[in-house]
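> build me a model:
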Amino acid sequence: MLFHFTMNMPSRNGNSVHQVIGGVDVHSLDELLDLMAKSDFIIVNEFYVESDQRGGARAYSDKGPIALNPLFIGKIKETRE
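The predicted structure follows:
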């Protein structure tokens, strides 16, 4: 599943929050929360949104695995696209 993680840290371009779109091998937000409660870090596949100039559906580009520290995650939203 894809999730939007809002991190409690600035982004590299100076925004006050950092957002990561990550794919995790779970079936629900509850399963993700269980995984995070048991882990110092979780590994997600990071995705970037590729802009579509024609107004069509969003496309995602897989950027590979990244480890996130649950202590720095402020909000998680399930992506339903």
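> distance between stretch 11-18 and the chain's centre?
For stretch 11-18, the distance from its own C-alpha centre to the chain's C-alpha centre is 15 Å (C-alpha atoms, centre = their mean, to the nearest Å).
> show me what counts as buried in that stretch.
Residues of stretch 11-18 classed as buried under the neighbour-count rule (16 or more other C-beta atoms under 10 Å) are His18. Quick note: C-beta positions are derived from backbone N, CA and C, even for glycine.
> end to end on that stretch, go ahead and measure it.
Across stretch 11-18, the straight-line distance between its terminal residues is 5 Å, by C-alpha to C-alpha, to the nearest Å.
> just stretch 37-48 next, same as before
Start-to-end span of stretch 37-48 (C-alpha to C-alpha) is 26 Å.
> mind listing the helices for the protein?
In order along the chain, the chain carries the following helices (DSSP state H): 29-37.
> for it, which segments count as strands?
Counting by DSSP state E, the chain has these strands, from start to end: 2-7, 18-23, 42-50, 59-68, 73-78.
> of those strands, which is nearest Met36?
The minimum distance between Met36 and the strands of the chain falls on strand 42-50, with 5.8 Å, by C-beta to C-beta.
> each with direction, which strands does the closest one pair with?
Within its sheet, and counting by DSSP bridges, strand 42-50 is paired with strand 18-23 (antiparallel), strand 59-68 (antiparallel).
> and the last one, average pLDDT?
Going back to what we said before, that points to strand 59-68. Average pLDDT, strand 59-68: 94.
> that strand vs helix 29-37, what angle?
Going by axes from the mean of the first three to the mean of the last three C-alpha atoms, to 10 degrees, strand 59-68 is angled at 30 degrees with respect to helix 29-37.
> hmm, who's touching strand 59-68?
Contacts of strand 59-68 from elsewhere in the structure, counted by C-beta atoms under 8 Å, 6 or more residues apart in numbering, are 2, 5, 7, 20-23, 41-50, 52.
> now do the shortest one
Outside strand 18-23, the residues that touch it by C-beta under 8 Å, 6+ apart are 1-7, 9-12, 44-49, 60, 62, 66, 68, 79.
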